[in-house]
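Asker: Quick one, fold the following:
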Amino acid sequence: MAFGIRVSTKKAPAPLPQFSQAVKYNGMVYCSGSIGLDPVSWKPVEGTVKDRTRQALRNLSEVLEEAGSSLRNVVKMNIFLTTMDNFALMNEAYDEFFTWNPKPCRTCVAVYQLPFQTDVEIECTAFVNN
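Answerer: The predicted structure is shown next:
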């Protein structure tokens, strides 16, 4: 018995074979972690954590759109940083995308390492449009 519908878009980096970009289930979409990879080159965008946060959120936005949702429908964000020294810059980029209230619930934690030697990864859960 399948537990959900796989979401896939070429407008965001393809997932590794071990996971899906997102899964829709019971009116919700659960997005895997997104890092600041360029969807064409598959390389982390250059610059600061702010630039990679922007790209990670753009990638998530594309996945959510493909799922019939959007950043406006996000109810929960989980953000992983390799150092809390990047917290303020990450928030600057985050605030460019989430300009409305209520903002999603959010957790932000520091971790030892992230894939592709990046410094930020973001995952989210959102509801699907009716």
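Asker: What is the neighbour count of the closest residue to Gly68 other than its chain neighbours?
Answerer: In this structure, Gly68 finds its nearest non-sequential neighbour in Val128, 4.9 Å apart by Cβ to Cβ, 6 or more residues apart in numbering. C-beta coordinates here come from the backbone N, C-alpha and C atoms, glycine included. Val128 has 16 neighbouring residues, counting by other Cβ atoms under 10 Å.
Asker: I'd like to know how far Met28 sits from Gln55.
Answerer: 24 Å (Cβ to Cβ, to the nearest Å).
Asker: Give the full set of residues in contact with the residue nearest to Gly68.
Answerer: 24, 27-29, 67-69, 73 (Cβ atoms under 8 Å, 6 or more residues apart in numbering).
Asker: between those, which is closest to Tyr112?
Answerer: Taking Cβ to Cβ as the measure, Tyr112 lies nearest Val29 of the contacts of Val128, at 28.4 Å.
Asker: Pull up the per-residue confidence for that closest one.
Answerer: At Val29, the pLDDT value in this model is 98.
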